[in-house]
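**Q** how does the following fold in three dimensions:
(one chain, ligands or ions: 1)
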Amino acid sequence: MPLFDTHAHLDNPQLSTNARAVVQRANDAGVSWMTAIGTDLPTSQKCVALAGEFDGVYAAVGVHPTVVHTDEVADCWGDIRDLANKPKVVAIGETGLDLYWDKTTIDIQRQWFRKHIDLSFETGKPLVIHMRECEAEIVSMLESSAITGSIIGIMHSFTGTLESARRCLELGMYISFAGMVTFKKSTALRAVAAEIPADRILVETDAPYLSPHPLRSKRPNEPAYMVHTAACLADVRNISPEDLAAITTENAKRIFKIA
Ligand code: NI
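**A** Residues are numbered from 1 along each chain as shown. Coordinates of the predicted model:
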């Protein structure tokens, strides 16, 4: 049963310069589908182009919370909206909040996150949410937005607590795990991964960042390496790698509305 990498920055030059080989190695390893995720207008455009080029590649378009305050993204929202309506664009993101790098931009981050939430409501396409040092803020923004529309989305590269995972699950969110869950010190995160309902768990690389154990020293990370993260999740959930692949792929196709 083939795997679906729900979050890969395939536009990143470390991967895009050899996109064909990267996709081929993924396919050879059993990773048949992947969502290429944008972080601003040019990267979103590149992800859409990659989705056009490769059968198993889909795209997500959006503006990452760590760049929302920059001049470069000031006028891009109209173009992001246009891209969001393209057929192989299956999600809105990468969006969310990040209080790790720069706490002074929180207000503008909130405005942009809200724009992505509204675009998700309009298009019916799920959000892909980045959350760093801001669990309470994200969850409360999602909970208040859920009053005006139906929240659908993915908590990407989840590293939070079981408590915040449960609140996200209650909103209807899916929880996606990246390479971090395989690290030796990530005992608490593996315990969270064991508790996620079978119909809400996803797996991803977040390539080119943070290769999974035992390939941690390999850079860049790439979708082919996701088999290690999937094996780790199967292990903590006490199921076979085949069953883990079957449930996560079914979940990914359901949330991305891929037939
Ligand atoms: Ni990412």
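**Q** and the helices in the stretch 101-250 of the chain, which stretches?
**A** Remark: helices assigned in the stretch 101-250 of the chain by DSSP state H, counting those that start in this stretch are 106-123, 135-145, 162-171, 187-195, 226-236, 241-255.
**Q** surely residue 218 is in contact with residue 225?
**A** Yes. The criterion here is Cβ atoms under 8 Å, and residue 218 meets it with residue 225 at 7.1 Å. (Glycine included, C-beta is placed from N, CA and C.)
**Q** and for these two, which residues touch both?
**A** residue 211 (Cβ atoms under 8 Å, 6 or more residues apart in numbering).
**Q** between the two, tell me which one has more neighbours.
**A** The neighbour count for residue 218 versus residue 225, taken as other Cβ atoms under 10 Å, is higher for residue 225 (25 against 11).
**Q** and the more buried one, what is it in contact with?
**A** 29, 179, 205, 207, 211, 212, 215, 218.
**Q** now which of those residues would you call buried?
**A** 29, 179, 205, 207, 211, 212, 215 (16 or more other Cβ atoms under 10 Å).
**Q** show residues contacting the worst-scoring helix or strand of the chain on mean pLDDT.
**A** Lowest on mean pLDDT, DSSP states H and E among the helices and strands of the chain sits helix 135-145, with a mean of 90. Surrounding helix 135-145, the residues in contact under the criterion Cβ under 8 Å, 6+ apart are 96-97, 99, 106, 110, 113-114, 117, 129, 131, 151, 153, 160-161, 164, 167-168, 171, 173.
**Q** okay, that helix in PDB with CA atoms only?
**A** The C-alpha coordinates for helix 135-145 follow below in PDB (Å, rounded to 0.1, in the frame of the first residue of the first chain):
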ATOM      1  CA  GLU A 135      -0.800  26.300  20.600                       C
ATOM      2  CA  ALA A 136      -3.300  28.300  22.700                       C
ATOM      3  CA  GLU A 137      -3.600  31.100  20.200                       C
ATOM      4  CA  ILE A 138      -4.100  28.800  17.200                       C
ATOM      5  CA  VAL A 139      -6.600  26.600  18.900                       C
ATOM      6  CA  SER A 140      -8.600  29.600  20.100                       C
ATOM      7  CA  MET A 141      -8.500  31.300  16.700                       C
ATOM      8  CA  LEU A 142      -9.800  28.000  15.100                       C
ATOM      9  CA  GLU A 143     -12.500  27.600  17.700                       C
ATOM     10  CA  SER A 144     -13.800  31.200  17.200                       C
ATOM     11  CA  SER A 145     -13.600  30.800  13.400                       C
END
